[in-house]
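Q: coords please:
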Amino acid sequence: MTKQEKRRKVVYIISHIDKAIGFEWISEKLDRSRFDLSFILLNDKPSHLANYLREKGVPVRELHCKGKRNMPFVLLQVIKILRKEKPDVIHTHMYIADIIGQVAGKMLRIEKRVYTRHSSNENRKYHNKRKIDHLVNSLSTHILAISENVKNILVSEEGVNPQKIRLINHGFDLEKFFIVQPTEVESLALKYNLQNRKPVIGVVARYAHWKGIQFTIAAFKRYFKIIRMHFTAG
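A: Numbers count the residues shown, from 1 in each chain. I've put the predicted structure just below:
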């Protein structure tokens, strides 16, 4: 970094997230010699993420945001914070934060206004939020798509310029899969009442049909039927 270069100030704006390891990774891994990182969290109650960031010495402000009713007040708070911080980049995550953060960033003429598009087209299909998606798309200067499918939907269904989109797939900390502490295994077994029964087959998803839960349940039912027949025959 030359003498003329300075650390770019980046503010993450995130709504209604209690714990998310991905944001913990960012706070840990981001090159602090190049970036000055801080967070604005919009939640209806104190979050694990806010506590984690404070413990790590990462600047964080947690604003009370219960829902749509107090969004105008929260918007004013965010504008006040951003005006003071003067960030080079804002990066928003999740529905409320995308709206408030991108509106605030546009009003303050922040140079880089990024948002990560976590959803595909369920907002349009199930929640009648087509206009909101288009608003956030237009206000942002860059969009991060988490999958090729999300990128395709942004381009083909929402008319976003492909030059505006960056594809960054969700990642995994692979070392965590190889270095597993026995206490972590015991904690999960106790939490889900597994009682040492094996094999263990599970699924990680919200209980919503766009997550394919209806197919998962049918598959589990079929699997248990096959297993039962196997042991009965044996």
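Q: Only C-alpha atoms from now on, for both contacts and neighbour counts.
A: Noted.
Q: Could you chop this protein up by domain?
A: Annotated domains of the chain cover 8-167, 180-233 [automatic domain parsing].
Q: rank those domains by pLDDT, which is bottom?
A: Within these, confidence is poorest for domain 180-233, with a mean of 82 (mean pLDDT).
Q: chain center to it: distance?
A: Relative to the mean C-alpha coordinate of its chain, domain 180-233 is positioned 25 Å out (C-alpha atoms, centre = their mean, to the nearest Å).
Q: Return the backbone torsion pair for the residue most central in space within the chain.
A: Nearest to the mean C-alpha position of the chain, by C-alpha atoms, centre = their mean, lies residue 93 at 5.6 Å. Here is the backbone geometry of residue 93 (degrees, to the nearest 10): phi -140, psi 130.
Q: Might one say that residue 141 is in contact with residue 116?
A: No - Residue 141 lies out of contact with residue 116 (C-alpha atoms under 8 Å); the separation is 11.4 Å.
Q: returning to that earlier point: comparing the domains of the chain, which comes out most buried?
A: domain 8-167 (a mean of 17; mean count of other C-alpha atoms under 10 Å).
Q: Show me where this protein has its helices.
A: 21-29, 48-55, 71-85, 95-107, 122-126, 130-139, 148-156, 175-178, 182-191, 213-233 (DSSP state H).
Q: relative orientation of the first one and helix 48-55 in degrees?
A: Just to be clear, that refers to helix 21-29. Counting by axes from the mean of the first three to the mean of the last three C-alpha atoms, to 10 degrees, helix 21-29 lies at 10 degrees to helix 48-55.
Q: what's helix 21-29 in contact with?
A: 37, 49, 52, 53, 58 (C-alpha atoms under 8 Å, 6 or more residues apart in numbering).
Q: now the second one
A: The contact list for helix 48-55 (C-alpha under 8 Å, 6+ apart) reads 17, 18, 19, 20, 24, 27, 41, 59, 60, 61, 62.
Q: hmm, 7 Å instead?
A: By C-alpha atoms under 7 Å, 6 or more residues apart in numbering, the surrounding residues in contact with helix 48-55 are 18, 19, 60, 62.
Q: In strands only, show me the residues you listed.
A: In this view, these that belong to strands under DSSP state E are 60, 62.
Q: Tell me the one of the contacts of helix 48-55 nearest residue 201?
A: Nearest to residue 201 among the contacts of helix 48-55: residue 19, at 24.0 Å, using C-alpha to C-alpha.
Q: Backbone torsions only: list them for that closest one.
A: The phi and psi torsions at residue 19 (degrees, to the nearest 10) take the values phi -140, psi 130.
Q: which residues does residue 8 bridge with?
A: Beta-bridge pairing for residue 8 (DSSP bridges): residue 35.
Q: okay but it is in contact with residue 32, surely?
A: No - judged on C-alpha atoms under 7 Å, residue 8 makes no contact with residue 32 at a distance of 9.5 Å.
Q: Quote the end-to-end distance of stretch 194-214.
A: 23 Å (C-alpha to C-alpha, to the nearest Å).
Q: returning to that earlier point: list just the nearest of the contacts of helix 21-29 to residue 82.
A: Closest to residue 82, out of all of the contacts of helix 21-29 and judged by C-alpha to C-alpha, is residue 37, at 12.8 Å.
Q: That closest one and residue 90, how far apart?
A: Separation of residue 37 from residue 90 (C-alpha to C-alpha) stands at 10 Å.
Q: Which residues are in contact with each of the two?
A: Common neighbours of residue 37 and residue 90 are listed as 10, 11 (criterion: C-alpha under 7 Å, 6+ apart).
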